[in-house]
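In: Need coordinates for the below:
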Amino acid sequence: MKYIINSIAILALFSLVVLVGCTDEAPSDLPKAGLGSVTINKYVAVGNSLAAGYQSNGLYESAQIYSYPNILAGQLKLAGSGLGTFEQPYWVDPGNPVSATSTVAARYVIISLADPNNPVIGPKGEQIKAGAPKNATTLLRPYDNLGLPGAPLAGFMDTVGTYQGALGAAIIRGAGGLPKSQFLSVRALQPQLVTFWLGNNDVLGYATTGGTSPAAPTPTATFSYLYNQALDTMKKAVANVKIVVGTIPNVTTIPFFTTIGPKVAAKLAASGGLSFYYQKAGETAVGTGSTKFANPANNPLICLTGSAYAGYIGAGAGSSNVQGGKFYRDVAASKGFPLSAVIPVGVDTTKPFGLHPQNPWPNVLVLDSSEIAKATQAVNEFNAAIKSIAATHGAAVVDFNAIFNNINVNGLTISGVKYTSAYITGGLFSLDGVHPSNRGAGVLANEIIKVMNSSFGTSVTYVNISSLPALDIPLGKYMASDSFLPNVAPQSWDSFLKLWQN
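Out: Residues are numbered from 1 along each chain as shown. Predicted structure coming up:
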């Protein structure tokens, strides 16, 4: 694979430091790659879509081969581990379908650049080649990559599929005597190394739906109990296993929440500083939230799910409600309901959309200050629990939250290339604004390697980020403009949002 460095000379010279503020120059005294006194003949990744290699709203082989667990497995082999093939459930390109009954691939692509300031992004109607992973029938044991898109922390011990997400049955197969959960799969495989990165979805589902579905993150007491149970059962079931866990990034650092707001703010500023009206938590009709985006600390976060409606702000204007009610028309169409059934009492779509409290920006497309605070509090409490429980069980911790925060503020320079958390042009995130790109996954793998080397005494070399495929997207010259607004078609988000609706 492209990310494997074949030349021993390159291995001896290349070292990548990914923490912000550090140099990416290679030190002259780099130790020889090796595992020291550690034996790793089996490595298993426990996680969710971030581990699965999910990119741009889909699982497809050309992206899955760059999942951070697969990248890490390649570097472990270079260090002398006894790993054989690192097995992942590969969906042949163009990937998995949008639903169990569909023949259309779910992954996002750029559909149209006809309007360079408003590119259309979403599924392109590509016909799938297979509805199940290509190695599902030939691999008669659990996959080594147990990443379950949509799985919350409760999914780890789940044996009936309640918390395993729509793709769980294909990844945790359960038939023919195979294990029926992530935990049982780990126990069956008996690895010497486990990376465990679960918990993101215990807050992400709340956030990506504007604080509506579910209506709150997982309670911290429940999260702590489940996390302790997970590490405790693994330590008891797998002798001498080394575990690396990850903290949970704050949602305010990813482009799903940071892309549209600044564009809307620029549009309003150019229109004379108009106020933006939006529904706050619990509101379904008149919106009591308003802002001119003057105070970043109190600004709402507009979800990327609202990208298709940002261009309609101000529509309505007392004449036709067709454009001013675009959001509700789309909801009605997706549910097969008449328009009158979905427009809330008190909403007047002839008022300028997003510029009047009677036709406000919908709650499901925005996080207000109270919802941001609730999500942030959950992340902080979850991460405190992760660090405490990991210490109790002797697990090493990768502080992904601190890493994402640093990248969000300062960017990350690697081999002279600066990466940021910006949507698309930042280079680290895929088209859905949540999941990493190939190079983003490489950064995650290198952070895990860094912690392994310092915690376990290994000398695993870092992957060359520049060797991983970059996003092949011709949008850079457009995105610097304040008028640039990506348009991800509303129906495109259906399968994405269902990831978290167990």
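
In: ok, longest helix in this protein?
Out: Scanning the chain for the helix with the most residues, using DSSP state H, yields helix 369-392.

In: Show me which positions of that helix end up buried.
Out: Counting neighbours by 16 or more other CB atoms under 10 Å, one finds that the buried residues in helix 369-392 are 369, 371-372, 374-375, 378-379, 381-383, 385-386, 389-390. The way it works is simple: take the backbone N, C-alpha and C, and place the C-beta from them, glycine included.

In: Looking at stretch 234-253 now, give me its mean pLDDT.
Out: The average pLDDT for stretch 234-253 rounds to 97.

In: And it, end to end?
Out: 31 Å (CA to CA, to the nearest Å).

In: Quick check: residue 425 is in a strand.
Out: No. Residue 425: not assigned to a strand; according to DSSP: H, G, I helix; E, B strand; the rest coil it is coil.

In: which residues in the stretch 351-500 of the chain form strands?
Out: With DSSP state E, counting those that start in this stretch as the criterion, the stretch 351-500 of the chain has strands at 366-367, 396-398, 412-414, 417-419, 487-488.

In: Which strands border the third one, and is each parallel or antiparallel?
Out: Pointing back at strand 412-414 there. In the sheet, strand 412-414 lines up against strand 417-419 (antiparallel) (DSSP bridges).

In: Just the mean pLDDT for the partner strand, thanks.
Out: 93.

In: Tell me which stretches of the stretch 51-200 of the chain form helices.
Out: Remark: helices assigned in the stretch 51-200 of the chain by DSSP state H, counting those that start in this stretch are 61-64, 68-78, 168-171, 182-189.

In: where among those is the average confidence lowest?
Out: Mean pLDDT across the helices of the stretch 51-200 of the chain is lowest at helix 168-171; the value there is a mean of 94.

In: send the alpha carbons of that helix over as PDB?
Out: Listed next in PDB are the C-alpha coordinates belonging to helix 168-171 (Å, rounded to 0.1, in the frame of the first residue of the first chain):
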ATOM      1  CA  GLY A 168     -23.200  -3.500  12.600                       C
ATOM      2  CA  ALA A 169     -24.500  -6.800  11.200                       C
ATOM      3  CA  ALA A 170     -22.000  -6.700   8.400                       C
ATOM      4  CA  ILE A 171     -19.100  -6.000  10.700                       C
END
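
In: Could you number the chain from 10 rather than 1 from now on?
Out: Okay, residue one is now 10; in that scheme the one you just asked about reads as helix 177-180.

In: buried sites along that helix?
Out: 177, 179, 180.

In: Residue ranges in the stretch 410-511 of the chain under the pLDDT threshold?
Out: When residues are selected by pLDDT under 70, those of the stretch 410-511 of the chain lie in 482-492, 511.

In: can you tell me how far the residue nearest to residue 498 when sequence neighbours are not counted sits from residue 122?
Out: Excluding its sequence neighbours, the residue lying closest to residue 498 (CB to CB, 6 or more residues apart in numbering) is residue 131, at 4.2 Å. To residue 122, residue 131 is 13 Å away according to CB to CB, to the nearest Å.

In: When these two are compared, which one has more neighbours?
Out: Between residue 131 and residue 122, counting by other CB atoms under 10 Å, residue 131 is the more crowded of the two (23 against 14).

In: OK, contacts around the more buried one?
Out: Residue 131 makes contacts with 117, 118, 120, 497, 498, 500, 501, as judged by CB atoms under 8 Å, 6 or more residues apart in numbering.

In: Show me what it is bridged to.
Out: Assigned bridge partners for residue 131, using DSSP bridges, are residue 118.

In: Okay, helices next: where are they in the stretch 260-409 of the chain?
Out: Using DSSP H, counting those that start in this stretch, helices in the stretch 260-409 of the chain cover 264-267, 269-279, 330-333, 335-344, 378-401, 409-419.
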